[in-house]
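Student: Next one to model:
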Amino acid sequence: MKVNRQCRNLTVLLLTIIMSLGLVLTGCGSSGGSSSSGGSGGLKAFYSGPPSDTFKQMLMDKLAEYAPSEGIDLTIGEACASTNDQVEQIQKAVADGYDAIICLPVDRATALQLEIAAGDKPIIYVNACPDEQFLKPNKYMAVSSYEMNAGEYQAEYVYNKLGKPSSMNIIIFRGEATHNAAVARSVSVKNWLRSQGVEVNVVFDDTANWSTDQAKDLFRIFQKTNQSFDAIFCNNDDMALGAVEALKEAGYDLDKYPVVGVDATVAGCESILKGEMQFTVYQSADGQAQKAIQLTKALASGGTADGIEGLSEDGYYIWVPFERVDASNVKDYMK
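Tutor: Purely as a prediction, here's the structure:
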């Protein structure tokens, strides 16, 4: 981890200035990021992304873990709070000689700006996918999981759990509005239920930004509407855990009111094991990171994505499958 140091002695002033200038090139602000040794491959990659939640941190940790085995020297940039920060960070990474950019966009709608900033360097989008118009085989590609499946799996579980009802009042807690998962997971819940003939009444739908605390606060707001509900669909486990806490405080029977999430985090799996949260969808940070590093090596060295497992027919994506997790198999995801 690169760390800025205050100049304490005039004799080292020049050295400190030089070091500080170097650090600016690696972060959204004055600090740099962590780096993993790349071995003999000679390739340098830079990761740029927004502030972390539980899943994003796991993803970054796994990227750093897999990079050396593929001969990649990976630098993890400081978290970017805005698109402008991310554009500047990518420009500086390119100027510093990086061969490829691994990017979780702050706002996926700004992919064109990010690609202009990257110049002739490939961008490997990870976890959050821009629209297809911004993707190009072997140049701008995305490594993720097919988000519609996550919502479908949630809906299928709740539908069966509640005895295949003809109508359902549901609450939806969404992630960041700029992340494609927040849209796709929410839409697919409603679409799947309606495909089964269910009359879906969305009694509350708001953004909790992947946050446990925000989800908890939103449920308290929902209570003031005096509406009934049957289940709570959350775009990730952290928000589901917030909903669980709020329901417990309000005295709800968690067996009768399913709360479901996505990611199969440690805390999420523990909650399922305790009989609180009922279901989650495993999103493999390990799998996404491994495929992203493989793709980075291929594109940074002038190759193609051919042969990488999960490559879509159109050449835009590397897909890492989601997996269903409930009380019957949750222990398999806690190893």
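Student: ok, the residue nearest to Cys234 when sequence neighbours are not counted - how many residues close by?
Tutor: Across the structure, with Cβ to Cβ, 6 or more residues apart in numbering as the measure, the residue nearest Cys234 apart from its sequence neighbours is Ala240 (4.0 Å). No exception for glycine: its C-beta is placed from N, CA and C like everyone else's. Other residues near Ala240 come to 33 when the count uses other Cβ atoms under 10 Å.
Student: Which secondary structure elements does the helix or strand where Ala240 lies sit against?
Tutor: Using DSSP states H and E, Ala240 maps to helix 237-250. Contacting helix 237-250 under the criterion 3 or more Cβ pairs under 8 Å, 6 or more residues apart in numbering; DSSP states H and E are the following elements: strand 167-174, helix 212-223, strand 231-234, strand 259-260, helix 266-273.
Student: Touching the second one from outside, list them.
Tutor: Defining contact as Cβ atoms under 8 Å, 6 or more residues apart in numbering, one finds that helix 212-223 is touched by 171, 173, 203-204, 206, 208, 229, 232, 234, 238-243, 245-247, 250.
Student: Where do the helices of the protein begin and end?
Tutor: 13-24, 54-66, 83-95, 111-118, 147-161, 180-195, 212-223, 237-250, 266-273, 285-300 (DSSP state H).
Student: so can I have TSV of those showing distance to Val260 and mean pLDDT?
Tutor: Formatted as TSV, the helices of the chain follow (distance: least, Cβ to Cβ, whole Å; pLDDT from 0 to 100):
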stretch	distance to Val260	mean pLDDT
helix 13-24	43	34
helix 54-66	16	96
helix 83-95	31	98
helix 111-118	30	98
helix 147-161	5	97
helix 180-195	9	96
helix 212-223	13	98
helix 237-250	6	98
helix 266-273	10	97
helix 285-300	19	98
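Student: Which one of these lies nearest to Ile318?
Tutor: helix 285-300 (4.7 Å; Cβ to Cβ).
Student: Now do the buried residues in the closest one.
Tutor: Residues 285, 287-300 are the ones in helix 285-300 that count as buried (16 or more other Cβ atoms under 10 Å).
Student: got it, and stretch 217-228?
Tutor: Leu218, Phe219, Phe222.
Student: Quick check: the second one vs Tyr252, distance?
Tutor: Using Cβ to Cβ, to the nearest Å, we find Phe219 at a distance of 10 Å from Tyr252.
Student: same check, this time on Asn138
Tutor: Asn138 sits at a distance of 51 Å from Tyr252 (criterion: Cβ to Cβ).
Student: hang on, the earlier thing: show me the one of the helices of the chain that comes nearest Tyr47.
Tutor: Ranking the helices of the chain by distance to Tyr47, with Cβ to Cβ as the measure, places helix 54-66 first at 6.0 Å.
Student: Grab the CA positions of the closest one and hand them over as PDB.
Tutor: Once side chains and other backbone atoms are set aside, the C-alpha atoms of helix 54-66 remain, and they are given as PDB (Å, rounded to 0.1, in the frame of the first residue of the first chain):
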ATOM      1  CA  THR A  54     -19.100  -6.200   1.200                       C
ATOM      2  CA  PHE A  55     -19.100  -7.800  -2.200                       C
ATOM      3  CA  LYS A  56     -16.900  -5.200  -3.900                       C
ATOM      4  CA  GLN A  57     -14.300  -5.600  -1.200                       C
ATOM      5  CA  MET A  58     -14.300  -9.400  -1.700                       C
ATOM      6  CA  LEU A  59     -14.000  -8.800  -5.500                       C
ATOM      7  CA  MET A  60     -11.000  -6.500  -5.100                       C
ATOM      8  CA  ASP A  61      -9.300  -9.000  -2.700                       C
ATOM      9  CA  LYS A  62      -9.700 -11.800  -5.200                       C
ATOM     10  CA  LEU A  63      -8.400  -9.700  -8.100                       C
ATOM     11  CA  ALA A  64      -5.300  -9.000  -6.100                       C
ATOM     12  CA  GLU A  65      -5.000 -12.700  -5.200                       C
ATOM     13  CA  TYR A  66      -5.300 -14.000  -8.800                       C
END
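Student: Residues in contact with it: which ones?
Tutor: Residues beyond helix 54-66 that count as contacts (Cβ under 8 Å, 6+ apart) turn out to be 34, 36, 47, 49-50, 52, 74, 76, 102, 104, 126-127, 210, 236-238, 263, 265, 267, 283, 285-286, 288-290, 292-293.
Student: Could I have the buried ones of these as PyMOL selection syntax?
Tutor: The following PyMOL command selects only the buried members of the contacts of helix 54-66, with burial defined by 16+ other Cβ under 10 Å:
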select buried, resi 34+36+47+49+50+74+76+102+104+126+127+210+236+237+238+263+265+283+285+288+289+290+292+293
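Student: Look up how far Ile76 lies from Ala93.
Tutor: Separation of Ala93 from Ile76 (Cβ to Cβ): 11 Å.
Student: got the buried residues for stretch 135-154?
Tutor: Within stretch 135-154, the residues that qualify as buried are 135, 137, 140-154, counting by 16+ other Cβ under 10 Å.
Student: how distant is that stretch from the center of its chain?
Tutor: Its chain's average C-alpha position is 11 Å from that of stretch 135-154, according to Cα atoms, centre = their mean, to the nearest Å.
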